[in-house]
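Trainee: Output the structure for:
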Amino acid sequence: MPSKKTNIQYVCRECGEKFSKWAGKCPECGAWSSLFEQEVESNRGIGAKAMSQDTGSKPTPISQVPTEHAKRLSTANPEFDRTLGGGMAPGSLVLIGGDPGIGKSTLVLQTLSTIAAAGCKSLYVSGEESAAQVKLRAQRLGAAGGDMLLLCETSLNKILECTEQIKPQVMVIDSIQTMYSEELPGTPGSVSQLRECALKLMVYAKNSGTVTMLIGHVTKDGQIAGPRILEHMVDTVAYFEGDKKGQYRILRTVKNRFGATDEIGVFEMTSLGLIPVQNPSRVFLQEGVELSPGSVVSCTIEGSRALLFEIQALVGKTSYAIPQRVSAGVEAKKLTIILALLERFAKIQTGNSDVFVSVAGGLRLDDPGIDLSLALAVVSNALNISLPPRSIVMGELGLSGEIRTVSSLDLRIKEAHRLGFEKIVVPANAKLPAVKGVEVVKFARLEEAVAWLINNP
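Mentor: Numbering: from 1, shown residues only. You can find the predicted model right below:
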């Protein structure tokens with residue numbers, strides 16, 4: 001029997017690094033108050049076994065590497081396929097996170113049921129619900145009539161033994177925080193257990209070619225719980241966005257080794273589960289209603305898709321010593337910079353006013369191409385002036401007040417024209433495609449755009 005010895009170490013919740021002494025700040029990633037104490041039972045036999053997993057690979061010229069097995073599997077859900085980069089890549093390890101009740105389990109359960117009905121062997125591993133609970137939820141979603149296999153188990157070793165027998169093409173682990181390996185100490189969800197379970201699942205996925213999806217819990221900050229190494233090990237990381245009490249959900253990829261990052265899929269939550277939204281631009285626009293003062297339509301690029309949205313601003317006299325700056329869907333620092341530019345170059349004073357900014361529909365944006373639309377929304381509400389009907393604004397603002405061009409402007413303009421917008425405000429140096437029936441208004445500086453809004457209500 002190999003000798004065992006118990007030691008104390010300190011592990012960082014953010015990066016997963018281990019240290020012999022406690023510190024208020026992680027020396028590796030710089031996170032504060034992230035180190036916690038953990039008992040480590042060292043066992044040389046176990047360590048050797050864990051590190052000797054044979055992948056069966058050998059050095060091969062890249063020109064001779066076969067790619068026939070790399071054909072993707074469709075989920076039969078166009079929005080989910082788009083998010084994954086065109087479907088499920090064999091051997092890929094996908095991590096899906098989101099708030100409780102937002103639709104993670106619903107989406108994967110619908111997907112497995114659909115592909116199982118098409119003849120693809122699929123396995124749903126539940127570590128949080130009993131088989132009866134999963135069956136009732138599947139019946140409610142209309143997904144209980146297929147040949148999807150169900151396993152309620154939390155021991156990873158038993159799960160892998162089962163998969164070696166049935167050899168599924170797609171497997172879902174719901175959730176990774178409930179899995180544990182008997183070879184390591186600690187409770188399910190601890191740093192050592194998460195790392196070991198993810199490593200074993202990664203090796204299994206690469207060796208067998210099984211598409212493996214992991215459902216992950218999130219912290220109060222919206223990040224997937226556990227060390228960052230979990231996100232580094234997987235091939236794709238996707239997050240659900242949106243208000244779980246609302247009607248629409250957004251699935252966004254922040255990492256994808258098999259496709260573009262920041263690709264999004266838009267879904268509608270109904271009594272029958274998540275339904276893909278074919279025209280998401282209309283979801284974020286208020287059709288048939290003229291824009292009121294403070295509302296501006298703009299366009300952003302999400303992956304390979306141009307997406308129109310409405311940004312709203314509210315400016316009011318403050319009742320506090322320090323005016324409030326509140327933003328939803330837009331970074332707070334961006335709003336602060338925009339207000340400083342308006343005061344410096346356009347003479348729009350907001351120093352004694354509260355400013356609230358929101359992106360309609362729950363969309364979260366970090367695109368610099370929305371700077372000009374955000375500025376004009378603030379001016380529009382502050383001066384009680386509406387933008388011209390069927391107009392759209394795009395442009396990035398520099399710190400000297402100039403309006404810079406944005407990426408993929410031709411794609412944005414084509415999407416705006418498709419949805420019936422007739423007037424487009426763009427940077428002066430923008431190279432535009434020829435589009436009939438569209439009036440293009442160009443500005444080089446912020447004060448010129450503000451003057452146009454004031455003089456052309």
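Trainee: Find the nearest non-adjacent residue to L432, please.
Mentor: V440 (6.0 Å; CB to CB, 6 or more residues apart in numbering). (C-beta placed from N, C-alpha, C; glycine too.)
Trainee: How about A205?
Mentor: T212 is the one closest to A205 (CB to CB, 6+ apart), at 4.3 Å.
Trainee: Packing partners of the strand or helix carrying K414?
Mentor: Here K414, judged by DSSP states H and E, is contained in helix 409-418. Under the contact criterion of 3 or more CB pairs under 8 Å, 6 or more residues apart in numbering; DSSP states H and E, helix 409-418 touches strand 295-302, strand 305-317, strand 423-427.
Trainee: could these go into TSV alongside distance to D81, mean pLDDT and mean neighbour count?
Mentor: As requested, those are arranged in TSV below (distance: least, CB to CB, whole Å; pLDDT from 0 to 100; neighbours: other CB atoms under 10 Å):
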stretch	distance to D81	mean pLDDT	mean neighbour count
strand 295-302	15	92	24
strand 305-317	13	92	20
strand 423-427	31	93	23
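Trainee: Next, format those strands as JSON lines and append distance to Y204.
Mentor: Below are the helices and strands packed on helix 409-418 laid out as JSON lines (distance: least, CB to CB, whole Å):
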{"stretch": "strand 295-302", "distance to Y204": "32"}
{"stretch": "strand 305-317", "distance to Y204": "33"}
{"stretch": "strand 423-427", "distance to Y204": "51"}
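Trainee: Out of these, which is closest to V218?
Mentor: With respect to V218, and counting by CB to CB, the nearest of those is strand 295-302 at 20.7 Å.
Trainee: who's in contact with the closest one?
Mentor: Strand 295-302 is contacted from outside by 252, 262-264, 285, 291, 306-313, 365, 367, 369-370, 372-374, 376-377, 380, 386-387, 391-394, 407-408, 411-412, 415-416, 421, using CB atoms under 8 Å, 6 or more residues apart in numbering.
Trainee: Are we agreed that the residue nearest to A205 is in a strand?
Mentor: Yes: counting by DSSP: H, G, I helix; E, B strand; the rest coil, T212 is part of a strand.
Trainee: Enumerate the beta-bridge partners assigned to it.
Mentor: Beta bridges link T212 to L93, M171, judged by DSSP bridges.
Trainee: Test my guess that it contacts M171.
Mentor: Yes: counting by CB atoms under 8 Å, T212 does reach M171; the two are 5.1 Å apart.
Trainee: What count of nearby residues applies to P59?
Mentor: 4 (other CB atoms under 10 Å).
Trainee: List phi and psi for it.
Mentor: Backbone geometry at P59, expressed as degrees, to the nearest 10, gives phi -60, psi 130.
Trainee: any idea how far the closest residue to I229 other than its chain neighbours is from R404?
Mentor: Of all residues not flanking I229 in the chain, G16 sits nearest, at 4.3 Å (CB to CB, 6+ apart). With distances taken as CB to CB, to the nearest Å, G16 is found 39 Å from R404.
Trainee: elements contacting the longest helix anywhere in the chain?
Mentor: Criterion DSSP state H: the longest helix present in the chain is helix 191-208. On a contact count with 3+ CB pairs under 8 Å, 6+ apart, helix 191-208 meets strand 35-43, strand 93-97, helix 156-166, strand 211-216, helix 229-233.
Trainee: Which of these has the lowest mean pLDDT?
Mentor: Within these, confidence is poorest for strand 35-43, with a mean of 67 (mean pLDDT).
Trainee: Pull the number of nearby residues for R282.
Mentor: Using other CB under 10 Å, R282 is surrounded by 12 other residues.
Trainee: hang on, it is in a strand, isn't it?
Mentor: No: using three-state DSSP, the assignment for R282 is helix, not a strand.
Trainee: Quick one: residues contacting Q169.
Mentor: L73, P90, C120, K121, S122, G209, T210, V211.
Trainee: quick one, what contacts the last one?
Mentor: When the contact criterion is CB under 8 Å, 6+ apart, the partners of V211 are L73, M88, A89, P90, G91, S92, V94, Q169, V170, M171, A205.
Trainee: hang on, isn't the first one packed against G87?
Mentor: Yep, that's L73 we're talking about. Yes: using CB under 8 Å, L73 is in contact with G87, at 5.7 Å.
Trainee: ok, now how distant is Q139 from L285?
Mentor: Taken as CB to CB, the span from Q139 to L285 is 36 Å.
Trainee: When the two are compared, which one has more neighbours?
Mentor: Counted by other CB under 10 Å, Q139 and L285 do not tie: L285 has more neighbours, with 18 against 11.
Trainee: What are the phi and psi values at F267?
Mentor: Per-residue torsions, F267: phi -130, psi 150 (degrees, to the nearest 10).
Trainee: How about the contacts made by it?
Mentor: By CB under 8 Å, 6+ apart, the residues touching F267 are E79, G103, L107, Y248, R249, I250, L251, L274, I275, P276, V277.
Trainee: how much space between the nearest residue to T75 once chain neighbours are set aside and F421?
Mentor: Once flanking residues are discounted, T75 sits nearest to T111: 4.8 Å by CB to CB, 6+ apart. Per CB to CB, T111 is found 35 Å from F421.
Trainee: got it, and W452?
Mentor: 17 Å.
Trainee: Likewise for L399?
Mentor: Using CB to CB, we find L399 at a distance of 29 Å from F421.
Trainee: With P368 instead?
Mentor: Counting by CB to CB, the gap from P368 to F421 is 21 Å.
Trainee: what about those two, which has more around it?
Mentor: F421 (21 against 16).
Trainee: which element is that one on?
Mentor: F421 belongs to no helix or strand when elements are defined using DSSP H and E.
Trainee: Against K317, how distant is G351?
Mentor: Applying CB to CB, the value for G351 to K317 is 11 Å.
Trainee: Can you name the residues that contact the nearest residue to L160 once chain neighbours are set aside?
Mentor: Nearest-residue entry for L160: Y204, 6.0 Å, with adjacent residues in sequence omitted and distances by CB to CB, 6+ apart. Listed by CB under 8 Å, 6+ apart, the contact set of Y204 reads L160, T163, T210, T212.
Trainee: Mind giving me the ChimeraX command for buried ones among those?
Mentor: Remark: buried members of the contacts of Y204, expressed as a ChimeraX selection using 16 or more other CB atoms under 10 Å:
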select :163,210,212
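Trainee: with the contacts of Y204 in mind, which one is nearest to G329?
Mentor: For the contacts of Y204, the minimum distance to G329 (CB to CB) is 32.4 Å, reached by T212.
Trainee: beta partners for N7?
Mentor: Beta-bridge partners for N7, by DSSP bridges, are V40.
Trainee: Pull the number of nearby residues for it.
Mentor: Residues near N7, counting by other CB under 10 Å: 10.
Trainee: How about E447?
Mentor: Close neighbours of E447, defined as other CB under 10 Å, add up to 17.
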